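In: Can you look at this prediction? I've put the sequence above it.
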Amino acid sequence: MSKSTRTLTPRVFMQLLIFVVLTPCLPLLITWRWNWWEAWSFAMISILGFIISRWLAARRHPDILAERAKFMDHQDTKPWDKLLAPLLGLGGGLIPLVAGLDVRFGWSAAFGLTVKLIMLALILLGYAIGAWALIENRFFSGTVRIQTERDHQVVSSGPYSVVRHPGYASALLTYLATPLFLDAVWAFIPVAFIITVLVIRTHLEDQTLQEELPGYREYAARTRCRLLPGIW
């Protein structure tokens, strides 16, 4: 059995089907509006962004997909992240769910084309930064842990020279732009929830890395901001 076959277990396949394919399509499935170009764009960017970023990352770091596929199986995952990681997944699913309900029942007014194009650009930028971070960082795991079996080291190149957690920064950008792009102001409720979880996780992860990963404290002294350049 090849390594790729072992990685794509039935459980992983179902997770990919639900979170990568089904979840981004929720606005379309809930509203049944097949001419909604914004929802189609959101779904295609989400699906293709996931596939392309993982393909590029695997070309550079062949073991990264296996690491991310078994992210909930690691015994050394920090106890608090066994709660926070699933909450992030839940929040990511609630955003398109609420957006679909918002549009179906007409809770929010539509935004103009200019606003939507700006939000679309921000979503694309968020996915591009997230992909860059994933490609640059061989240790970009799905849960917070010190990967001793993979010779875990500090990564300070690429987007990591700007902020210490560019993957989270890119997610933040995408989450904030999505409700306006999909005409769904009520989707800011799950966005607020997921940003809260994201900030807490960023703080705890950064604290863990400074305490347990050799060289990270020195890196943090050079790269001052964790999530937002010039702010925090």
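Out: Looks like it arrived, so ask away.
In: Show the contacting residues for residue 194.
Out: Contact analysis of residue 194 by Cβ atoms under 8 Å, 6 or more residues apart in numbering lists 87-88, 91-92, 94-95, 175. All C-beta atoms are positioned from the backbone trio N, CA, C, and that covers glycine.
In: possible to save those as JSON lines with secondary structure, distance to residue 154 and neighbour count?
Out: Below are the contacts of residue 194 laid out as JSON lines (DSSP: H, G, I helix; E, B strand; the rest coil; distance: Cβ to Cβ, whole Å; neighbours: other Cβ atoms under 10 Å):
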{"residue": "87", "secondary structure": "helix", "distance to residue 154": "27", "neighbour count": "17"}
{"residue": "88", "secondary structure": "helix", "distance to residue 154": "23", "neighbour count": "18"}
{"residue": "91", "secondary structure": "helix", "distance to residue 154": "28", "neighbour count": "20"}
{"residue": "92", "secondary structure": "helix", "distance to residue 154": "27", "neighbour count": "19"}
{"residue": "94", "secondary structure": "helix", "distance to residue 154": "33", "neighbour count": "18"}
{"residue": "95", "secondary structure": "helix", "distance to residue 154": "32", "neighbour count": "27"}
{"residue": "175", "secondary structure": "helix", "distance to residue 154": "27", "neighbour count": "22"}
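In: Tabulate these (JSON lines), appending distance to residue 114.
Out: Listed next are the contacts of residue 194 as JSON lines, based on distance: Cβ to Cβ, whole Å:
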{"residue": "87", "distance to residue 114": "34"}
{"residue": "88", "distance to residue 114": "31"}
{"residue": "91", "distance to residue 114": "28"}
{"residue": "92", "distance to residue 114": "27"}
{"residue": "94", "distance to residue 114": "27"}
{"residue": "95", "distance to residue 114": "22"}
{"residue": "175", "distance to residue 114": "21"}
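In: quick one: which of the residues you listed is nearest residue 185?
Out: The closest of those to residue 185 turns out to be residue 95 (Cβ to Cβ; 12.2 Å).
In: Spatially nearest residue to that closest one (excluding sequence neighbours)?
Out: residue 190 (4.9 Å; Cβ to Cβ, 6 or more residues apart in numbering).
In: Show me which positions of the strand or helix carrying the one you found end up buried.
Out: Taking DSSP states H and E as the criterion, residue 190 maps to helix 188-212. Of all the residues in helix 188-212, those buried under the rule 16 or more other Cβ atoms under 10 Å are 188, 190-191, 193-195, 197-199, 201-202, 205-206, 208-209.
In: Distance from the chain centre to stretch 87-99, please.
Out: Chain-centre distance of stretch 87-99: 11 Å, with Cα atoms, centre = their mean, to the nearest Å.
In: can you list the weak-confidence ranges in this protein?
Out: Low-confidence segments of the chain, defined by pLDDT under 70: 1-8, 71-72.
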